[in-house]
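J.: sharing a model prediction with you, sequence too.
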Amino acid sequence: MDLKPNHTTPVLADPATISNSRLVVSSGLLPCSPPGSVFSPNLSTVPRKKAGILDDVRASSWLDAMKSSSPRHKITRDYNHELLSADTDVAYRTWMVKYPSALKSFEQITNFAKGKRIALFLDYDGTLSPIVDNPDLAFMSIDMRAAVANVAKYFPTAIISGRSRAKVYEFVGLTDLYYAGSHGMDIMGPVREPSDHTPNCIRSTDKQGKEVNLFQPASEFLPMIDEVFNSLVKSTKEINGAKVENNKFCVSVHYRNVDEKNWKTVAQCVHDVIRNYPRLRLSHGRKVLEVRPVIDWDKGKALTFLLESLGISKCDDVLPIYVGDDRTDEDAFKVLREGNCGYGILVSSVPKESNAFFSLRDPQEVMEFLKSLVTWKKTSAR
């Protein structure tokens with residue numbers, strides 16, 4: 001099958017920004033921003049009346065981005081306890097012409113995989129577990145855990161999450177996987193060749209005593225991240241529903257449970273804190289603002305690193321498959337699409353542009369896909 005891309009527009013790019021801001025951001029801070037991009041001048045922290053601050057933030061493109069990354073479209077099934085309108089359902093079916101179901105296209109995928117080794121990469125939230133109001137309760141089901149455990153018996157499998165590596169390991173609880181937390185800034189992977197002296201990579205052992213490599217390209221940022229986490233906890237403590245999560249190499253500010261009229265206050269709090277940290281950048285996901293180090297690293301780089309660690313990065317007989325639901329997964333989809341070497345599968349119940357090739361509606365369909373891979377592998381082995 002020809003893997004040539006038919007489009008390259010990433011999903012939910014960071015908002016357009018305005019020049020001459022007091023809060024200047026270098027070209028590398030926003031993943032999808034053009035060189036020289038800056039935040040809106042309306043987000044400066046010059047003292048003013050409270051209403052003025054709120055009006056300014058409401059007018060900023062970042063508030064628009066918070067809304068656009070938190071679609072209100074509702075799902076056809078009761079998976080997230082929501083219902084879907086007829087119009088949106090038609091739009092979704094039309095969208096699936098461009099991003100066909102990985103389940104309905106399963107034979108097409110496995111035909112291309114014949115004679116190849118599949119390597120599987122999975123996001124966690126929204127992919128293996130449903131999106132929930134309290135991120136601390138984003139547990140995967142017993143059936144999903146069994147499906148992931150089974151697929152890992154047949155294919156090299158890694159979890160690449162925005163969560164801290166320790167947190168996602170706590171949720172998943174499986175030992176036969178590789179884990180990359182903090183959007184790939186904290187990777188526990190297989191031991192590489194002794195001749196490969198990768199900076200920021202140390203030899204370690206996992207909880208079972210197995211020797212692994214621990215790769216942390218942003219280790220120098222740990223004290224800074226802790227400072228920002230503590231500052232954000234203090235600055236948002238009066239905002240009902242706001243939750244700040246320390247993901248070790250990044251800080252997540254969740255506003256899923258915040259009344260929409262207070263989203264601008266959340267944005268202002270975050271900007272007021274990070275204005276003092278030029279080496280940190282701000283990005284957004286599904287009802288979450290994330291503060292991360294300014295380094296050239298993302299889930300796409302983590303995917304490449306893991307493929308290299310597994311010794312299969314330049315093998316024609318390998319088919320990487322990456323399954324994820326968030327805009328941060330687009331970096332990994334893009335690596336596979338531009339390299340013409342694998343498949344990205346977007347988990348979404350609403351239409352949105354992506355670098356993925358296929359789609360799945362929700363974690364339930366992800367589980368069905370994983371089970372299908374195991375069945376196919378067993379059958380093809382016989």
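T.: Ah, there it is.
J.: ok, now how distant is the closest residue to A242 other than its chain neighbours from N262?
T.: Spatial nearest neighbour of A242, chain neighbours left out: T236 (4.3 Å); criterion: CB to CB, 6 or more residues apart in numbering. Backbone N, C-alpha and C define where each C-beta goes, glycine included. Using CB to CB, to the nearest Å, T236 is found at 10 Å from N262.
J.: of those two, who's got more company?
T.: Using other CB atoms under 10 Å as the criterion, T236 and N262 rank with T236 on top: 22 against 16.
J.: surely that one meets V253?
T.: Yes. With contact defined as CB atoms under 8 Å, T236 reaches V253; the gap is 6.7 Å.
J.: where do the strands sit along the protein?
T.: 117-122, 157-160, 178-181, 186-189, 201-205, 211-215, 243-246, 251-254, 280-285, 288-293, 318-324, 343-347, 358-360 (DSSP state E).
J.: rewinding a little: against R163, how distant is the residue nearest to A242?
T.: T236 sits 19 Å away from R163, taking CB to CB as the criterion.
J.: what of M66?
T.: Using CB to CB, we find M66 at a distance of 20 Å from R163.
J.: then D259?
T.: Where R163 is concerned, D259 sits at a distance of 25 Å (CB to CB).
J.: more neighbours, these two?
T.: Each of D259 and R163 has its neighbours counted (other CB under 10 Å); R163 has more, 26 against 11.
J.: returning to that earlier point: in JSON lines: the strands of the chain, plus distance to G311 and mean neighbour count.
T.: Shown next, in JSON lines, are those (distance: least, CB to CB, whole Å; neighbours: other CB atoms under 10 Å):
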{"stretch": "strand 117-122", "distance to G311": "11", "mean neighbour count": "22"}
{"stretch": "strand 157-160", "distance to G311": "14", "mean neighbour count": "26"}
{"stretch": "strand 178-181", "distance to G311": "13", "mean neighbour count": "24"}
{"stretch": "strand 186-189", "distance to G311": "11", "mean neighbour count": "24"}
{"stretch": "strand 201-205", "distance to G311": "15", "mean neighbour count": "13"}
{"stretch": "strand 211-215", "distance to G311": "12", "mean neighbour count": "18"}
{"stretch": "strand 243-246", "distance to G311": "33", "mean neighbour count": "20"}
{"stretch": "strand 251-254", "distance to G311": "33", "mean neighbour count": "25"}
{"stretch": "strand 280-285", "distance to G311": "31", "mean neighbour count": "22"}
{"stretch": "strand 288-293", "distance to G311": "28", "mean neighbour count": "23"}
{"stretch": "strand 318-324", "distance to G311": "10", "mean neighbour count": "25"}
{"stretch": "strand 343-347", "distance to G311": "20", "mean neighbour count": "26"}
{"stretch": "strand 358-360", "distance to G311": "26", "mean neighbour count": "25"}
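J.: and the helices in the protein?
T.: In the chain, helices defined by DSSP state H lie at 50-59, 61-68, 86-98, 106-113, 142-154, 165-172, 222-236, 263-274, 299-309, 330-338, 363-381, listed in chain order.
J.: quick one: the ones you listed as CSV, columns for distance to T127 too.
T.: As requested, the helices of the chain are arranged in CSV below (distance: least, CB to CB, whole Å):
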stretch, distance to T127
helix 50-59, 31
helix 61-68, 21
helix 86-98, 18
helix 106-113, 17
helix 142-154, 10
helix 165-172, 11
helix 222-236, 25
helix 263-274, 25
helix 299-309, 12
helix 330-338, 12
helix 363-381, 6
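J.: tell me the spacing between W263 and N111.
T.: As judged by CB to CB, W263 and N111 stand 46 Å apart.
J.: and the two? which has more neighbours close in?
T.: In this view W263 and N111 are compared by other CB under 10 Å, and W263 has more residues nearby, 22 against 10.
J.: could you chop this protein up by domain?
T.: 82-130+140-183+297-381, 221-293 (the TED database).
J.: what about stretch 203-211, distance to the chain center?
T.: For stretch 203-211, the distance from its own C-alpha centre to the chain's C-alpha centre is 26 Å (CA atoms, centre = their mean, to the nearest Å).
J.: let me fix that, I meant to ask about stretch 310-320.
T.: The chain centre lies 22 Å from the centre of stretch 310-320; the measure is CA atoms, centre = their mean.
J.: what's the answer for stretch 284-300, then?
T.: In terms of CA atoms, centre = their mean, the centre of stretch 284-300 is set 8 Å apart from its chain centre.
J.: same question for that stretch, mean pLDDT?
T.: Averaging pLDDT along stretch 284-300 yields 91.
J.: can I get it as PDB, trimmed to CA atoms?
T.: Only the C-alpha atoms of stretch 284-300 are listed here, as PDB (Å, rounded to 0.1, in the frame of the first residue of the first chain):
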ATOM      1  CA  HIS A 284      -2.700  23.100  25.000                       C
ATOM      2  CA  GLY A 285      -4.600  19.800  24.700                       C
ATOM      3  CA  ARG A 286      -8.100  18.600  25.500                       C
ATOM      4  CA  LYS A 287      -9.100  21.000  28.300                       C
ATOM      5  CA  VAL A 288      -5.600  21.200  29.600                       C
ATOM      6  CA  LEU A 289      -2.800  23.800  29.400                       C
ATOM      7  CA  GLU A 290       0.600  22.300  29.600                       C
ATOM      8  CA  VAL A 291       3.900  24.000  30.500                       C
ATOM      9  CA  ARG A 292       7.000  22.200  29.100                       C
ATOM     10  CA  PRO A 293      10.700  22.800  28.700                       C
ATOM     11  CA  VAL A 294      11.900  24.500  25.600                       C
ATOM     12  CA  ILE A 295      13.700  21.600  24.000                       C
ATOM     13  CA  ASP A 296      13.400  20.000  20.600                       C
ATOM     14  CA  TRP A 297      11.600  17.000  21.900                       C
ATOM     15  CA  ASP A 298       8.000  15.700  21.500                       C
ATOM     16  CA  LYS A 299       6.100  12.400  21.100                       C
ATOM     17  CA  GLY A 300       7.400  12.100  17.500                       C
END
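J.: thanks a lot, see you next time.
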